[in-house]
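Visitor: for reference, the sequence and a predicted model appear below.
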Amino acid sequence: MFENILPLYGLNSDNTTVNLFGDGLINHTWKVTAPKQSYILQKVNTDVFKEPSNIDKNLCLLKDFLNKKDPKYLFVSPINAISGASLLKTPDGYFRMTPFVEGSISLNALTKREEAYEAAKQFGKFSALLADFNAEELNITIPDFHNLNLRYEQFKTACANANPKRMEQVKEYVEFINEHKSIVDTYLDLVANEEVPLRVIHHDTKINNVLFDAHNKGICVIDLDTVMPGYFISDVGDMMRTYLCAASEEENDLSKISIRKDFFKAIYEGYMEEMADVLTDTEKQYFSYAGKFIIYMQAIRFLADYLQNDIYYGAKYEGHNFNRAKNQITLLKEYLKMEEGLTTPPSSSKEPRNQPHAQ
Ligand code: ADP
Ligand code: GN1
Ligand code: MG
């Protein structure tokens, strides 16, 4: 396959090595090491992204905008092949190539509070730079991607149609999801609130979608397939989901799942340093809701996938998505406990109601 793709970019397969790379769950990703430079080659997952050209068009629009707005900003977008196209449709599928960000590392879990601050600042900067880009110009790359109400309905359908053995196993977790349906109701309130606008949102701010340098400084955000109109809670929520706990979503030892409050504060500081002047006061009041919103949704998504025989995320072993769902439900329980301890500053304060205060 690569001997057909590489020449389309002017690369010679004889002096170029190609290795599977990273821990993304959706696309196929390879590091391509050519004599002069390295690249990331990706095959777009068309089960998830039905129309890859929608992503490509979005990235072109954003690239043009950001080039004018802040030419020094590192926006990692696909390069052009010899044909001039930044997305290639080939008999093996859709491919694109980006420059490999030299000296970068990506992490699946964080050990230092500063890393949470850095990552949150990177995602905050991305949204802040795009605050005056008209989000409606962007294509929807996955319809209803973070529509929690729809996810909940799909989850109920997955339960209704599940294989009985798997359904029996997950019973207690389904009950937990149903008992916490108020998280869905709050989402519906938020969507109906005019003070919570649609913005350009990354929609996948998990920790391995930001690149760090060797000194734990954030370099840039990556994985831009789901950049589309959305609500800020999507981005803040996935930071909470993946930065607050020392263990990743792959951890099966549930006793390792706990929340680091100081990391919550670090996310707040990093994100708000960039976004404080952009968000409305009403949005700020949903800051801590963002964490429950995304953790709850991710639990539903993993559990529904388990009930649907792992068609979306795939499974490296039997019960993989069930384990991931248990991990996320445990994380949600810990998050809810932590949230109870957050203090509410006076309404005259510039800070949102749920801004964490050291205690
Ligand atoms: P997926 O949609 O499957 O998550 P990503 O675009 O996130 O795919 O890429 C998977 C992984 O590849 C990332 O988590 C990161 O480790 C690495 N990666 C992607 N793009 C680059 C890049 N331009 N430079 C360096 N590493 C990258
Ligand atoms: C997927 O592509 P990746 O691995 O960064 C998923 C996210 C989930 C995440 C869970 C398009 O992210 O929504 O939160 O897995 N992306 C898509 O790890 O579904
Ligand atoms: Mg990714």
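Guide: Alright, I've got the coordinates. Ligands and ions are numbered 1, 2, ... in the order given.
Visitor: near ligand 1, which residues of the stretch 151-300 of the chain are found?
Guide: N208, N209, L211, I222, D223 (C-beta under 6 Å from any ligand atom). Backbone N, C-alpha and C define where each C-beta goes, glycine included.
Visitor: repeat the analysis, applying 8 Å as the threshold.
Guide: Within the stretch 151-300 of the chain, the positions lying close to ligand 1 (C-beta under 8 Å from any ligand atom) are D204, N208, N209, L211, I222, D223, L224, D225.
Visitor: can I get the residues you listed in CSV with secondary structure and neighbour count?
Guide: Formatted as CSV, the entries for these read as follows, by DSSP: H, G, I helix; E, B strand; the rest coil; neighbours: other C-beta atoms under 10 Å:
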residue, secondary structure, neighbour count
D204, coil, 23
N208, helix, 19
N209, helix, 22
L211, strand, 21
I222, coil, 24
D223, coil, 22
L224, coil, 23
D225, coil, 25
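Visitor: what's the most distant pair in the residues you listed?
Guide: Within those, two members stand farthest from each other by C-beta to C-beta: L211 and D225, at 15.9 Å.
Visitor: now do the lowest-mean-pLDDT helix or strand in the chain: everything it contacts.
Guide: Every helix and strand of the chain was ranked by mean pLDDT, DSSP states H and E. The lowest is helix 2-5, at a mean of 90. Residues outside helix 2-5 that contact it (C-beta atoms under 8 Å, 6 or more residues apart in numbering): S13, V18, W30, L41, L88, T90, P91, D92, F95.
Visitor: how about stretch 85-105?
Guide: Taking C-beta under 8 Å, 6+ apart as the rule, stretch 85-105 contacts 1, 4-5, 8-9, 31-32, 37-44, 46, 52-53, 55-56, 59-60, 74, 76-81, 211-214, 219-220, 222.
Visitor: quick one: average confidence on that stretch?
Guide: Mean pLDDT, computed over stretch 85-105, is 96.
Visitor: so that stretch, near ligand 1 or not?
Guide: Yes: applying C-beta under 8 Å from any ligand atom, one finds stretch 85-105 touching ligand 1 at T98, P99, F100, V101, S104, I105.
Visitor: what do you get for stretch 122-137?
Guide: No: contact of stretch 122-137 with ligand 1 (C-beta under 8 Å from any ligand atom) is absent, the minimum separation being 13.6 Å.
Visitor: okay, how far is it across that stretch, tip to tip?
Guide: In stretch 122-137, first residue to last residue: 23 Å (C-alpha to C-alpha, to the nearest Å).
Visitor: do that stretch and ligand 2 meet?
Guide: No: figure legend: stretch 122-137 not in contact with ligand 2 (C-beta under 8 Å from any ligand atom); closest approach 13.0 Å.
Visitor: just checking, what's the longest helix in the chain?
Guide: Secondary structure of the chain per DSSP state H: the longest helix is helix 320-340.
Visitor: okay, now K337: neighbour count?
Guide: 11 (other C-beta atoms under 10 Å).
Visitor: no no, Y313
Guide: 15.
Visitor: ok, it to ligand 1 distance?
Guide: Distance, Y313 to ligand 1, using C-beta to the nearest ligand atom, to the nearest Å: 11 Å.
Visitor: who's in contact with that residue?
Guide: L25, R301, F302, D305, H320, N321, R324.
Visitor: and the pLDDT for the fifth one?
Guide: Predicted confidence (pLDDT) at H320: the value is 98.
Visitor: just the strands in the stretch 1-150 of the chain please.
Guide: Taking DSSP state E, counting those that start in this stretch as the test, the strands found in the stretch 1-150 of the chain are 17-20, 28-33, 38-43, 88-90, 93-99.
Visitor: dump these to CSV, plus distance to A109 and mean neighbour count.
Guide: Shown next, in CSV, are those (distance: least, C-beta to C-beta, whole Å; neighbours: other C-beta atoms under 10 Å):
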stretch, distance to A109, mean neighbour count
strand 17-20, 21, 12
strand 28-33, 19, 17
strand 38-43, 22, 20
strand 88-90, 34, 15
strand 93-99, 24, 19
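Visitor: can I get the ones you listed in a markdown table including distance to T111?
Guide: Formatted as a markdown table, the strands of the stretch 1-150 of the chain follow (distance: least, C-beta to C-beta, whole Å):
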| stretch | distance to T111 |
| --- | --- |
| strand 17-20 | 25 |
| strand 28-33 | 24 |
| strand 38-43 | 25 |
| strand 88-90 | 38 |
| strand 93-99 | 27 |
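Visitor: show me what the one helix or strand R151 maps to is packed against.
Guide: For R151, the host element (DSSP states H and E) is helix 148-160. Helix 148-160 sits against helix 164-179, helix 182-192, helix 289-307, with contacts defined as 3 or more C-beta pairs under 8 Å, 6 or more residues apart in numbering; DSSP states H and E.
Visitor: show me the shaky parts of the protein.
Guide: Applying pLDDT under 70 to the chain flags residues 343-359.
Visitor: do that again at 90, thanks
Guide: 1-3, 13, 22-26, 108-109, 163, 340-359 (pLDDT under 90).
Visitor: for A214, see how far away the residue nearest the centre of it is.
Guide: Taking C-alpha atoms, centre = their mean, the centroid of the chain lies closest to D204, which sits 1.4 Å from it. The gap separating D204 from A214 is 24 Å, by C-beta to C-beta, to the nearest Å.
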